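> Using only what follows, build the 3D model:
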Amino acid sequence: PLRLVGSEMCIRDREYCMEYIHSKDIFLLMRDTLKLIDRRAMDHGSRVAYYLYKMLECKGGYEKFELADFVFLASLHDIGAYKTENLNEIIRYECREPMAHATYGYLVFKHLSPLSELAAIILYHHTDYSKLKEIDYEYKEIAAYLNLAEKIDIYSIALGDKFDLAMFEKQSGTVISQEAIDLFKETIRKFDVMRKVKKGEYKEELHEIIGYMIFTNEDKRKYLEMLMYCQGFKSETSVVNTVTCLCIAESLGQKSGLSDLEREQLYYGALLHDIGMLAIPQEIIDAPRKLTEEEYKKVKMHVHLAERVLNDRMAEEVVAIVAAHHERGNGSGYPRGLREVQMNQAQKILQIADTVTALLCERPYRPAYKKEEIALIIRKEATAGKYNKTIVNTLLNCYDEIIQRVKIRSEEIMVTYRKLNQQYMQVSGRLKG
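Sure thing, here's the model as predicted:
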């Protein structure tokens, strides 16, 4: 069964490995998923990561896989900004109010990613060098390089042709590391980095270095589970819903006799099925009423968006499960109007798990449904051919056991999510005392 250890969620112990996604594609999936919320922070992150990569290449002494790890971290160094309310104002959150998003990004990488030992680079990358050099941290110089790389990107974009690297010289030794400035000058002489960024030519080099990323299967799992927590950037409800759906699907998969391989595929399908919702405007998600036809069309697009970021990265069996979670056995679902004979057992299980999750969830315009009401709705729709009757009977026969399991697992997972958010709120000054 699904087991949780602290904040780490992992499927049952197995001899075989999860080979559904390559290390490089883990990075691309995370980057493009966050772009669904707002691409500007990720585009900024890519440019900063390129600058840092070339600075480290000039310094020398790093293996390719080490450079790839720093590129990963730098690309996502502003992941905490997705938690802020001023994502549109990059100058503000980077220069005038940096600590809240830097701290949240640090907490996300520290507690949820395999790069926990590098996480403090994010925490310290807004620290003035005069203070940073006194800190006992192995990677403090990397934080200093990241500090400069970020400032260069922000000001070069804002000032255009008026930008001059010399503007940072007067801050040397106080705000900015002189070594960082010297390294960046070398990247200009040796690699012509600023012209390449301006022309977009840096992307090919960045794409090449991420090919050196090496993740274990457990690393891959942690990154994919990290994406689940990223859905909570918009609201806690998104995380609760994903966890609930995941646990229901896992229980039904076990009780329906799926093989280990099928259950593994179902696990990742359930984990990722709603990532497309990150692109849906929050005012639609939180609408205190039933959605208009136009709003509902926008919501339905989340399936296509999820497919778009998963295609050619995640194994096609998992993508197919994600793509079918709103299909129905009688052909009334979307986006393809598939019928039951066209779908496998894992797809049918996720459809039921997703529907039950929606019914269990309180909406702004209605309360959560009770057990008896859920049973009535699910049986009626199974009779109409929407859901597989055998799976529905399994669900209802074991309903109390499954829901109790969901409550226990959800609370264990939400402890980590709420801890991250509490610390973020404290740092950002939204909690007093």
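
> And the strands in the chain?
Assigned by DSSP state E, the strands in the chain fall at 3-5, 8-10.

> Please name every helix or strand in contact with the lengthiest helix in the chain.
Secondary structure of the chain per DSSP state H: the longest helix is helix 399-427. For helix 399-427, the packing partners by 3 or more C-beta pairs under 8 Å, 6 or more residues apart in numbering; DSSP states H and E come out as strand 3-5, helix 99-112, helix 217-230, helix 236-255, helix 371-383. Bear in mind the C-beta positions are built from the backbone N, C-alpha and C, glycine included.

> among these, where is the model least confident on average?
Per-stretch mean pLDDT for the helices and strands packed on helix 399-427 is lowest at strand 3-5 (a mean of 33).

> What's the local residue count around Tyr229?
By other C-beta atoms under 10 Å, the residues close to Tyr229 number 20.

> which residues touch it?
By C-beta atoms under 8 Å, 6 or more residues apart in numbering, the contact list for Tyr229 reads Val108, Leu112, Val239, Thr416, Tyr417, Leu420.

> Tyr129 now?
Residues near Tyr129 by C-beta under 8 Å, 6+ apart: Ala144, Asn147, Gly173, Thr174, Val175, Ile176, Ser177, Ala180.

> for Val356, same thing?
By C-beta under 8 Å, 6+ apart, the residues touching Val356 are Ile248, Ile374, Ile378, Leu395.

> let's go with 10 Å and repeat that
Contacts for Val356 were tallied using C-beta atoms under 10 Å, 6 or more residues apart in numbering; they are 244-245, 248-249, 252, 369, 374-375, 377-378, 392, 395, 399, 402-403, 406.

> so where is this structure shaky, pLDDT-wise?
Scanning the chain with the threshold set as pLDDT under 70 gives 1-19, 84-98, 427-433.

> State the number of residues packed around Pro364.
9.

> neighbours around the closest residue to it other than its chain neighbours, how many?
Once flanking residues are discounted, Pro364 sits nearest to Pro288: 3.8 Å by C-beta to C-beta, 6 or more residues apart in numbering. By the other C-beta under 10 Å criterion, the neighbourhood of Pro288 contains 8 residues.

> now swap in Ala323 and tell me
22.

> Contacts only, for it.
Contacts for Ala323 (C-beta under 10 Å, 6+ apart) come out as 269, 273, 303-304, 306-307, 310-311, 316, 335-336, 338, 347.

> And Ala68, by the same measure?
Contacts of Ala68 (C-beta under 10 Å, 6+ apart): 23-24, 27, 53, 62, 208-215.

> Name the nearest of those relative to Phe168.
Distance ranking of those against Phe168, using C-beta to C-beta, places Tyr53 first at 19.3 Å.

> From Arg379, how far out is the closest one?
Per C-beta to C-beta, to the nearest Å, Tyr53 is found 57 Å from Arg379.

> quick one: which of those two has more around it?
Tyr53 (26 against 15).

> What is the nearest of the contacts of Tyr129 to Asn330?
Distance to Asn330 across the contacts of Tyr129 (C-beta to C-beta) is lowest for Asn147, with 57.8 Å.
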